[in-house]
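Participant: Fold the following and give me the result.
(one chain, ligands or ions: 2)
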Amino acid sequence: MSLLRIENLTHHFGGLRAVKDYNLVLEPGQIRGLIGPNGAGKTTVFNLITGVYRPTEGRILFEGRDITGMRPHRIAALGISRTFQNMQLWRHMTVLEHVKVAQYSQITYGLVGAFFGTARRRWEEAEIERKAYSLLEMVGVARWADQVVTNLPYGVQRRVEMARALATEPKVLLLDEPTAGMNPEELKEMIDIIRQVHDRLGMSIFLIEHRMRVVMELCEVVQTLNFGEVIAEGTPDEVRADPAVIEAYLGREVEVVA
Ligand SMILES: Nc1ncnc2c1ncn2[C@@H]1O[C@H](COP(=O)(O)OP(=O)(O)O)[C@@H](O)[C@H]1O
Ligand SMILES: [Mg+2]
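Facilitator: Ligands and ions are numbered 1, 2, ... in the order given. Model (predicted):
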């Protein structure tokens, strides 16, 4: 069974058709890419998957279960986690708190917890802290654990957002332009981190990217979206050589590379 399957997804904003007849099959452990010019509908696809919008038409299946139109927190609880194109961090919280709060959102103490009382709770606290640190280490930001995020460099903040997304132990990670605004050094680090997350956690990753280089280095399969429609799908090399993709990107490639 596929992990995530999308069938004939269409979404309108008023008179604007942002996504048209979109299909996807994401297998467990796969890294897939979604590219396309600005305004192509990429972020809308993520917003549909995560329940921010209910699609005008089509179905979204997660582990065979129809999640179309489910509330975002339920979809998250099933195991779909994301980062945002414009980072959405909590301004006054520390790096460590970001990851811990995300974990708390998954905890239910329940009857057993009430029975064993504080000992269990203390154990859970320690466990949460230990797990938070190991995630911060994986994305290379453990040394800033006690710093408030707003004081940190942009590339570090992006990695904190990633650690937070991983804190709920998702089965799929959706990354919306994780390298946006990064300098070449930060970009290289982020590519390494995404690869590590994939290799060490065996996680499925669905990546929206603006920069061809990131997609080329990471993805097994890439789709190109243009005006809401998939115009090409294949390996990075196939997609890069596709005349329709070149046409969609040409004239914009300057901004893509810059
Ligand atoms: N909430 C919204 N209301 C109206 N139009 C929207 C909304 N979100 C996105 N759009 C429009 O839908 C199209 C696709 O946007 P988006 O999915 O953000 O593209 P991308 O992520 O590929 O740059 C754009 O024309 C955008 O202006
Ligand atoms: Mg976008």
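
Participant: what does stretch 218-232 contact?
Facilitator: The set of residues external to stretch 218-232 that reach it, using CB atoms under 8 Å, 6 or more residues apart in numbering, is 17-24, 30-37, 40-42, 44-45, 191, 194-195, 198, 205, 207, 215, 233-236, 238-239, 242, 244-245, 248. Bear in mind the C-beta positions are built from the backbone N, C-alpha and C, glycine included.

Participant: filter the residues you listed by proximity to ligand 2?
Facilitator: Contacts with ligand 2 within those, counted by CB under 5 Å from the ion: residue 42.

Participant: Contacting ligand 1 as well, which ones from the contacts of stretch 218-232?
Facilitator: Filtering these for proximity to ligand 1 by CB under 6 Å from any ligand atom leaves 18, 36, 40-42, 44.

Participant: Relative to ligand 2, how far out is the residue nearest to residue 4 when sequence neighbours are not counted?
Facilitator: Excluding the flanking residues, the one nearest residue 4 by CB to CB, 6 or more residues apart in numbering is residue 26, at 4.1 Å. When CB to the ion, to the nearest Å is the yardstick, residue 26 and ligand 2 sit 19 Å from each other.

Participant: My read is that residue 26 contacts residue 207, right?
Facilitator: No: counting by CB atoms under 8 Å, no contact exists between residue 26 and residue 207, whose distance comes to 11.0 Å.

Participant: and for those two, which residues touch both?
Facilitator: Shared contacts of residue 26 and residue 207, defined by CB under 8 Å, 6+ apart, comprise residue 32.

Participant: about what we covered before: give me the lowest-pLDDT entry from the ones next to ligand 1 among the contacts of stretch 218-232.
Facilitator: The lowest pLDDT within those belongs to residue 36, which sits at 91.

Participant: distance between the ends of stretch 86-97?
Facilitator: Counting by CA to CA, to the nearest Å, you get 20 Å between the two ends of stretch 86-97.

Participant: and that stretch, anywhere near ligand 2?
Facilitator: No: applying CB under 5 Å from the ion, one finds stretch 86-97 separated from ligand 2 by no less than 9.0 Å.
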